[in-house]
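> Let's see this in three dimensions:
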Amino acid sequence: MARRDVPLTGVERFFEPDEVIVSKTDLKGRITYANRVFQRVAGYGEEDLLGQPHSIVRHPDMPRCVFKLLWDTLGAGQEIFAYVINRARNGDHYWVFAHVTPSYDDSGRVIGYHSSRRVPERSAIEKVVPLYRTLLEIEDRHADRKQGMEAAFAAVVALLTEKGIGYDEFVFSL
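Numbers count the residues shown, from 1 in each chain. Below is the predicted model:
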């Protein structure tokens with residue numbers, strides 16, 4: 001059965017507050033390192049993860065526009081924080097508070113990305129879920145997936161403009 005065919009179970013997985021899920025990717029987002037916490041929580045072995053796109057754990061409830069924001073920020077050489085819902089191999093889900101940074105070689109060139117994910121505050125997730133639902137609805141209103149993502153991205157920008165804050169400040173205010 002292909003991974004996208006695995007039905008969602010509605011079961012949430014958890015990891016301990018003192019644990020950190022860590023992964024590294026190349027410039028195209030293919031996994032080059034996955035720590036044991038990542039493997040355990042996601043339900044994959046190392047051999048299943050290495051070389052795969054990090055989107056192997058993408059949950060369908062995660063708005064694509066948030067990933068656009070992530071890649072745009074990383075492409076500008078900056079770090080980003082985000083709340084992310086992921087899908088485990090068996091269809092369970094788990095929430096993380098992700099911190100993603102560019103990785104550099106000795107000459108200062110970006111060679112990949114490093115992500116550390118911690119247990120998120122439940123109160124933040126309660127605020128993120130309705131926002132992500134709204135963004136998904138915007139994305140789904142468009143027959144063209146790219147147009148949907150762009151429209152939802154514009155909604156995020158409008159929200160930040162309305163609040164008069166940047167993305168990082170917004171994330172840490174949740």
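
> Going along the chain, name the strands of this protein.
21-25, 31-34, 80-87, 93-104, 110-118 (DSSP state E).

> out of these, deepest packed?
Each of these was scored by mean neighbour count; the highest is strand 80-87, a mean of 21, by mean count of other C-beta atoms under 10 Å. C-beta coordinates here come from the backbone N, C-alpha and C atoms, glycine included.

> and the angle from that strand to strand 93-104?
Computed by axes from the mean of the first three to the mean of the last three C-alpha atoms, to 10 degrees, the angle separating strand 80-87 from strand 93-104 equals 140 degrees.

> got the CA coordinates for strand 80-87 in PDB?
The C-alpha coordinates for strand 80-87 follow below in PDB (Å, rounded to 0.1, in the frame of the first residue of the first chain):
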ATOM      1  CA  ILE A  80      12.100  29.700  10.900                       C
ATOM      2  CA  PHE A  81       9.900  28.400  13.600                       C
ATOM      3  CA  ALA A  82       6.600  26.700  12.900                       C
ATOM      4  CA  TYR A  83       3.900  24.500  14.300                       C
ATOM      5  CA  VAL A  84       3.600  21.400  12.200                       C
ATOM      6  CA  ILE A  85       1.200  18.400  12.200                       C
ATOM      7  CA  ASN A  86       2.900  15.300  10.800                       C
ATOM      8  CA  ARG A  87       1.600  11.900   9.800                       C
END
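
> And the contacts of it?
Residues outside strand 80-87 that contact it (C-beta atoms under 8 Å, 6 or more residues apart in numbering) are 6, 8, 42, 57-62, 66, 69-70, 73-74, 93-100, 117, 120, 124-125, 128, 132, 167-168, 171-172, 174.

> do stretch 34-45 as well
By C-beta under 8 Å, 6+ apart, stretch 34-45 touches 13, 15, 19-23, 46, 49-50, 56-57, 86, 88-90, 92, 94, 117.

> sorry, back to before: would you list the buried entries among the contacts of strand 80-87?
42, 57-59, 62, 66, 69-70, 73-74, 93-98, 100, 117, 120, 124-125, 128, 132, 167, 171 (16 or more other C-beta atoms under 10 Å).
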